[in-house]
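> Let's see this in three dimensions:
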Amino acid sequence: MGTNCDLSVVSSFTRSIPCRDGSNDWLIHNSFMGALFRVPAHDFERLRPILEPARAKNRPCAEPFVLDETDPVAVALRRQGFIVGAHIDERARALKLIEAERDYGRHYIFLPHEDCNFRCTYCYEKFLRGKMTPEIVDAVKDLAAREIPDLPLLNVGWFGGEPCLALDVIGTLSEHFLTLCAAHDTKYRASITTNGYFLSKETVDDLLRWGIGHFQVTVDGSEEAHDTVRKLRGGQATYRRIFDNLLKMAERDDAFSVAVRVNFNPLTISTIEDFLDEAQEKLAPDQRFFLDFHAVGRWGGPNDAHMDVVQEQTAMQAKLGLIAQARCKGFSAASLVDALKPHGAACYAGKPQSLVIGSDGQLYKCTVAFEDPRNQIGHLRAGGVLEIDEQKFKAWTEPVSVSGKCGSCSFAAACQSRACPLATIEASEPPCPFEPEDFETMVNFVAGAHRGNDTPQRKGGRRYETVAPVAH
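The predicted structure is shown next:
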C-alpha cells in the first residue's frame, strides 16, 4: 500500500442514500460542499466496498484505499470532494470554515417596534416594549459608524413585533447604513420579517429603496383558516389584505425575494392546499417567491396550554408532505435545498457575528425567547458600546456535545452543532436537526426536484449544486 498521501478515503461529510424512485441508483450527499451526486446502480455495485460504509450517519474513520484512476466515477467523486486524500484533516478544515464565517461581517437583527397590530393565537411575544427610542437609534448609528469601516459585509434584519409600525426608524437607520457602507466599500444586505399587512406599494417602494431585498411574510393556509389564527388586535381578518399585497408585489419588476412562511397546526394543515390553489397562478411561476412550512409549537405564548400542535416526531414528515404538495403546484423546494448546504441547518442564534438589538437597547441572541434571562445577554449603551455578558454569549455560540455525537456525524458541516442553541442550553447537548429517515427523504426530494421529474421547472428558478454522474 502507498504512503498516506497516495491513499484516499470517503469524506467524513459524505453520506450514501438509496434512491426511492425504483431505479436502484444511489445519491451521494456531502454537507461540507452542499453537493449531490447520483450514482447509477451498476456503478454503485462496483464501488460498493467504498461507498456503502458511508450509509451510516455516524461512523468511525473511513478505511483508506488506493483510488482506481481508470474508474471515471471514482475519479469524479474525488474531483468533487466526495472522496478526499487520506492525509486531509477534514474536521480541521470544517472548523477553519466556521472560523472564517465568524470573522466575516456582522449580522444585526433590529427590533424597531416591539408591539404589533396582530394578535396571533400562537404568538409568544408579550408586547411589553414599544417603538425604538431616539437614544437607541443614536446608539445604533454610533455602533454602525464604528464597525462598518472594518466590515466586508453588514447583514441587517428587521424584526418585531411588527417592524412596519416604525417605518421612520427603519428609514433613518437604513439610510445611515447605506451611506456608511458606500463610503467604506462594505457590502450591504437587508431583510424584513413582517406580517405583510402594511406592504402597500408605497411601503414596498420605501423598503426597496432602503436596501431591503428579502421579505418574510406569513400566510397560514386558506383564508378561513388563516383568519382564525392570525387576527388583528381587534379580532378582524387579515388574509385578504396580505394576499393582495403579495399579488401586487408579484406585479413589480424589482429584484427581491419573498419567503412565504406557512405555519400549520392539526386544524389548518388540511386547508393549505386551498391556499396553494389560490397562489398557484400568480406566485408559483415567479422565482422570487418560495414557501417555507413550519409546524406551530408551544413557544411560550399565553395560549400554549390550549393549543393543538403537530407532535414533534411527525412535524418534519408533515412538512415534507406539504412541500411535495407545493411542488405539484409549481412552487420551489428552496427551503429544503438550502438546509442541505454548508451552514444550512445552523441557527443564526448560534453564530457569534449575529446579535439581536431590542427597541430599548436590550441585547439578545434568539428572537423566540425574549423574556428568557438566558437570552438577555447585555445592552447597547450610549455611543454605540456593546455591553455583553460573555458567559451568556458563549452559552449560545459554543455549544458542547456531551456524547461527542457531532464529531462523527456526516451532516456536521451543515448543522455545526448549532441547529437550535436554545435547545442545546436546555438539554446540555445539541439536538439533531433531522431524523435519519427524514433526512433521506429530503435528499431524495431535492434530487427529484433538480431532475425536474415531479413538476415543470420554474423559469429562472434556484438550482441545487448537483454533480451529474460521469458518462461511460
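
> now the helices for the stretch 1-150 of the chain?
41-51, 72-79, 90-102, 134-147 (DSSP state H, counting those that start in this stretch).

> quick one: low-confidence parts of the stretch 251-400 of the chain?
Low-confidence segments of the stretch 251-400 of the chain (pLDDT under 70): 399-400.

> which residues of it fall in strands?
Along the stretch 251-400 of the chain, counting by DSSP state E, counting those that start in this stretch, strands occupy 257-264, 289-295, 354-357, 362-364, 376-381, 385-388.

> Can you lay out those strands as CSV showing distance to C19 and mean neighbour count?
(C-beta placed from N, C-alpha, C; glycine too.) Formatted as CSV, the strands of the stretch 251-400 of the chain follow (distance: least, Cβ to Cβ, whole Å; neighbours: other Cβ atoms under 10 Å):
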stretch, distance to C19, mean neighbour count
strand 257-264, 28, 20
strand 289-295, 24, 21
strand 354-357, 37, 22
strand 362-364, 43, 20
strand 376-381, 45, 19
strand 385-388, 48, 14
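
> Which one of those strands lies nearest to F243?
Closest approach to F243 among the strands of the stretch 251-400 of the chain (Cβ to Cβ): strand 257-264, 9.8 Å.

> and the closest one, what other elements does it pack with?
Using 3 or more Cβ pairs under 8 Å, 6 or more residues apart in numbering; DSSP states H and E as the contact test, the elements touching strand 257-264 are strand 212-218, helix 239-250, helix 272-280, strand 289-295, helix 312-328.

> Pick the most buried one from the ones you listed.
strand 289-295 (a mean of 21; mean count of other Cβ atoms under 10 Å).

> Could you measure from the closest residue to P266 other than its chain neighbours over to V356?
The shortest distance from P266 to any non-neighbouring residue, by Cβ to Cβ, 6 or more residues apart in numbering, is to D308 (5.1 Å). Distance, D308 to V356, using Cβ to Cβ, to the nearest Å: 30 Å.

> Over to I98?
The gap separating I98 from V356 is 21 Å, by Cβ to Cβ.

> Contacts only, for P266.
D308, V309, V310 (Cβ atoms under 8 Å, 6 or more residues apart in numbering).

> quick one: contacts for the first one?
Contact criterion Cβ under 8 Å, 6+ apart gives N265, P266, L267 as the residues in contact with D308.

> Show me which of these is closest to A349.
Nearest to A349 among the contacts of D308: N265, at 24.0 Å, using Cβ to Cβ.

> ok, that closest one touching V296?
Yes - proximity of N265 to V296 meets the contact threshold set by Cβ atoms under 8 Å, at 4.5 Å.

> Who has more neighbours out of those two?
V296 (23 against 19; other Cβ atoms under 10 Å).

> tell me, what residue is most central in the chain?
The chain has G344 as the residue nearest its centroid, 5.8 Å off, counting by Cα atoms, centre = their mean.

> can I assume it is in contact with G34?
Yes - G344 sits in contact with G34 when judged by Cβ under 8 Å, with a separation of 6.9 Å.

> any common contacting residues for those two?
Contact criterion Cβ under 8 Å, 6+ apart; residues shared by G344 and G34: A414.

> OK, contacts around the residue lying closest to L207 once chain neighbours are set aside?
Using Cβ to Cβ, 6+ apart and skipping the chain neighbours, the partner closest in space to L207 is I192 (6.4 Å). I192 sits next to G157, W158, F159, P163, C164, I170, L207, I212, H214, F215, Q216 when contact means Cβ under 8 Å, 6+ apart.

> Tell me how far the third one lies from D138.
Here F159 is placed at a distance of 20 Å from D138 (Cβ to Cβ).

> More neighbours: which of the two?
F159 (21 against 13).

> got the contact list for the more buried one?
Residues in contact with F159 (Cβ under 8 Å, 6+ apart) are I109, F110, L111, I192, T193, V356, T367.

> Next: I272.
Each residue near I272 by Cβ under 8 Å, 6+ apart is listed here: G221, S222, V262, F264, F293, L322, Q325.

> Between which two of those residues is the distance greatest?
S222 and F293 (14.6 Å).

> Going along the chain, name the strands of the stretch 51-200 of the chain.
Using DSSP E, counting those that start in this stretch, strands in the stretch 51-200 of the chain cover 83-85, 106-110, 153-158, 187-194.

> for the stretch 351-472 of the chain, what spans make up the helices?
Under DSSP H, counting those that start in this stretch, the stretch 351-472 of the chain gives helices at 390-397, 412-415, 421-427, 436-451.

> helices or strands next to the longest one in the packing?
Put plainly, it is helix 436-451. If contacts are counted by 3+ Cβ pairs under 8 Å, 6+ apart, helix 436-451 sits against strand 14-18, strand 26-30, strand 35-39, helix 312-328, helix 334-339.

> Adding distance to R91, write the ones you listed out as CSV.
Converted to CSV, those look like this (distance: least, Cβ to Cβ, whole Å):
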stretch, distance to R91
strand 14-18, 14
strand 26-30, 14
strand 35-39, 18
helix 312-328, 27
helix 334-339, 21
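
> among the ones you listed, which is nearest F243?
Closest among the helices and strands packed on helix 436-451, once you apply Cβ to Cβ, is helix 312-328, at 15.9 Å.

> contact partners of that closest one?
With Cβ under 8 Å, 6+ apart as the test, helix 312-328 has contacts from 262, 264, 269, 272-273, 276, 291, 293-295, 297, 310, 333, 335-336, 434-435, 438, 441-442, 445, 449, 454-455.
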